[in-house]
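Chemist: all I have is the shape, not the residue letters:
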């Protein structure tokens, strides 16, 4: 390689990465060393970005899907002036540092998405590209391309092996996301050795089948070839592009280059020294980068800032030419816009007859879409069943990107990641949907929602054995416990229209917490005592006439009516119980100690919880002496009306559980 300033800047990325990993005695040097030329070329020669304004709306997005190679990203953020210091790099993987083992959104400026689970970044990039395409169709006018940017995602063989990538890229090709460009760091190595032990397909042909433009760079150390390929990718305005860049893992380190051992362990002191010598890097001081490299990149950054300046000028002209669009833009980017629903009586009064909460949710969605203009969502091929289709807003497709209804196909895992990417892009309030039992497919990306504090809404219907004839494969039992166990994730199981509205209100006004709305297939009665108090997670639905209740019945969703009926029967037997509806355990746990005591006074130990799901987790509310009426097995295939008595989830069972404590 030449000794040009660009080559030396590429080598600076390699040296900084190797030094940080060596100092931490932990990390993955292989990807940063091999992919440094591609990343530097992208950041310096292609991408529009401005470190002085890292949230500029029209910036190009870059996602490192191979999150284990985080030092590549941190080195870039340091060199390009995003605020990471050499001290931050030296604290790689250390407690409370800005350089954790895998990139974390909100934690480090310039990180666009939390990545680590391989393939997740690929799917989130698809979501970002979908958001760009939709927003461009809404806001752009002739001569005013105010939404006009690319999404770049870099990952390796592992990302390509993961099923989520297949799901997401199949959809990307179908949608013609021409501003999505995938950089495939193709080095034929994974942890266990050469990829041919488990991965021999033609990735190029697979992407051709998806509908991508496919390009190949034979020498990943050739920045000019990489640049030419990226420019060719950008020139295709009808298809997304995948550029396979043939690299050597651990490039530049004589003893490690091309070997599996370069992937996930420090190079070693002697090999770091050999890397320096091989690259012609004269300074042996860790983290030392010559000033002329910093100056060179600062000049690049200064030029890139002018791109944002030009966009700002364009946007000011746009606002004058299209004031109504400027007003709409402000609404799209106002995270508080949905709060108007709190005082909207119609929103809180959607039903006066027995109705399934999935149906009520559908009515609420179609009410909100006229008040939340940036609502954008859909289902994994289940909108007719999950009731998530927004009338009169059209379908988002290659031909009609202005549509707001998303058709994810039967791709639950990618759907959740794509939803995260849409939210991360900004400007849209997304939701995704499937049957509750398939939340098992959704969970890894819901976990990323929670980690990133990305308030994506999950509409999950057919919530219990009430599914009926479809049988145990389709009857969720343990899934709600799974969501309740996850930090920063709120699972709502509403009992009627008011509680469903409360769940939706929380979901669309949440700024940092993703939510699941767990909804019934079967009709439920509207409860006279339900109220906005549901926004506290749990509240007194029907109270005892005594200052201290004889017992407390706690229920969620379809089983609240059982608790109400049980209270009446118990009253006839001289037991005066309180009924507590608990649509969201997580939200209730956030309330003050005083409020929680007012709803569930410690002095009342005779308690019964009822929920047509696993009993796991209810111990914290009923105590060691209380009872839980719920599922202790999988369900069965039969009409729903037969399954509840079969599994002992009945009013009688609740009454008996209370009496057993006297």
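Modeler: Arrived safely. Bear in mind the structure is a predicted one, so any value in this text is a computation, not a measurement.
Chemist: from the contact counts, what lies against the helix or strand residue 420 falls within?
Modeler: Assigned by DSSP states H and E, residue 420 belongs to helix 412-425. With contacts defined as 3 or more C-beta pairs under 8 Å, 6 or more residues apart in numbering; DSSP states H and E, helix 412-425 has these neighbours: helix 120-139, helix 163-175, strand 375-379, strand 429-435, helix 439-452. C-betas here are computed from N, CA, C, even on glycine.
Chemist: show me the contact partners of the fourth one.
Modeler: Right, strand 429-435. Identification of contacts with strand 429-435 by C-beta atoms under 8 Å, 6 or more residues apart in numbering yields 127, 338, 365, 372, 374-380, 382-383, 385-386, 388, 406, 408, 412, 415-416, 418-419, 422-423, 441-442, 456-462, 467, 474, 476, 507-508.
Chemist: and that strand, how far from the chain's centre?
Modeler: From the chain centre to the centre of strand 429-435 is a distance of 11 Å (C-alpha atoms, centre = their mean, to the nearest Å).
Chemist: note down every partner strand of that strand and its orientation.
Modeler: Paired with strand 429-435 in the same sheet, following DSSP bridges, are strand 375-379 (parallel), strand 457-461 (parallel).
Chemist: looking at the helices and strands packed on helix 412-425, which is closest to residue 109?
Modeler: With respect to residue 109, and counting by C-beta to C-beta, the nearest of the helices and strands packed on helix 412-425 is helix 439-452 at 14.5 Å.
Chemist: can I get the helices and strands packed on helix 412-425 in JSON lines including mean pLDDT and distance to residue 54?
Modeler: Formatted as JSON lines, these follow (pLDDT from 0 to 100; distance: least, C-beta to C-beta, whole Å):
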{"stretch": "helix 120-139", "mean pLDDT": "98", "distance to residue 54": "15"}
{"stretch": "helix 163-175", "mean pLDDT": "98", "distance to residue 54": "25"}
{"stretch": "strand 375-379", "mean pLDDT": "98", "distance to residue 54": "23"}
{"stretch": "strand 429-435", "mean pLDDT": "98", "distance to residue 54": "22"}
{"stretch": "helix 439-452", "mean pLDDT": "98", "distance to residue 54": "16"}
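Chemist: mind putting the ones you listed into JSON lines with distance to residue 556 and mean neighbour count?
Modeler: Shown next, in JSON lines, are the helices and strands packed on helix 412-425 (distance: least, C-beta to C-beta, whole Å; neighbours: other C-beta atoms under 10 Å):
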{"stretch": "helix 120-139", "distance to residue 556": "31", "mean neighbour count": "27"}
{"stretch": "helix 163-175", "distance to residue 556": "31", "mean neighbour count": "23"}
{"stretch": "strand 375-379", "distance to residue 556": "23", "mean neighbour count": "26"}
{"stretch": "strand 429-435", "distance to residue 556": "18", "mean neighbour count": "26"}
{"stretch": "helix 439-452", "distance to residue 556": "16", "mean neighbour count": "22"}
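Chemist: okay, the ones you listed in a markdown table with distance to residue 221 next?
Modeler: A markdown table is the format used below for the helices and strands packed on helix 412-425 (distance: least, C-beta to C-beta, whole Å):
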| stretch | distance to residue 221 |
| --- | --- |
| helix 120-139 | 24 |
| helix 163-175 | 25 |
| strand 375-379 | 41 |
| strand 429-435 | 39 |
| helix 439-452 | 33 |
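Chemist: closest to residue 60 out of those?
Modeler: Using C-beta to C-beta, the helices and strands packed on helix 412-425 put helix 120-139 closest to residue 60, at 9.7 Å.
Chemist: which other helices and strands does that closest one contact?
Modeler: Counting contacts by 3+ C-beta pairs under 8 Å, 6+ apart, helix 120-139 packs against strand 61-64, strand 151-156, helix 163-175, strand 180-186, helix 323-332, helix 412-425, helix 439-452.
Chemist: centre of the chain to that helix, how far?
Modeler: 13 Å.
Chemist: ok, now stretch 451-465?
Modeler: Computed by C-alpha atoms, centre = their mean, the chain-centroid distance of stretch 451-465 equals 11 Å.
Chemist: tell me how far the ends of that stretch are from each other?
Modeler: Distance between the two ends of stretch 451-465: 31 Å, counting by C-alpha to C-alpha, to the nearest Å.
Chemist: for it, list every residue counted as buried.
Modeler: Of the residues in stretch 451-465, 451-452, 454-465 count as buried by neighbour count, 16 or more other C-beta atoms under 10 Å.
Chemist: ok, now which ones touch the closest residue to residue 415 other than its chain neighbours?
Modeler: Leaving aside its chain neighbours, residue 415 sits nearest to residue 408 (4.1 Å; criterion: C-beta to C-beta, 6 or more residues apart in numbering). Counting by C-beta under 8 Å, 6+ apart, residue 408 makes contact with 171, 378, 379, 380, 381, 414, 415, 418, 432.
Chemist: can I get the residues you listed in JSON lines with distance to residue 131?
Modeler: Below are the contacts of residue 408 laid out as JSON lines (distance: C-beta to C-beta, whole Å):
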{"residue": "171", "distance to residue 131": "14"}
{"residue": "378", "distance to residue 131": "14"}
{"residue": "379", "distance to residue 131": "18"}
{"residue": "380", "distance to residue 131": "18"}
{"residue": "381", "distance to residue 131": "21"}
{"residue": "414", "distance to residue 131": "15"}
{"residue": "415", "distance to residue 131": "14"}
{"residue": "418", "distance to residue 131": "9"}
{"residue": "432", "distance to residue 131": "13"}
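Chemist: nearest to residue 53, of the residues you listed?
Modeler: Looking across the contacts of residue 408 and measuring by C-beta to C-beta, the closest to residue 53 is residue 418, at 26.2 Å.
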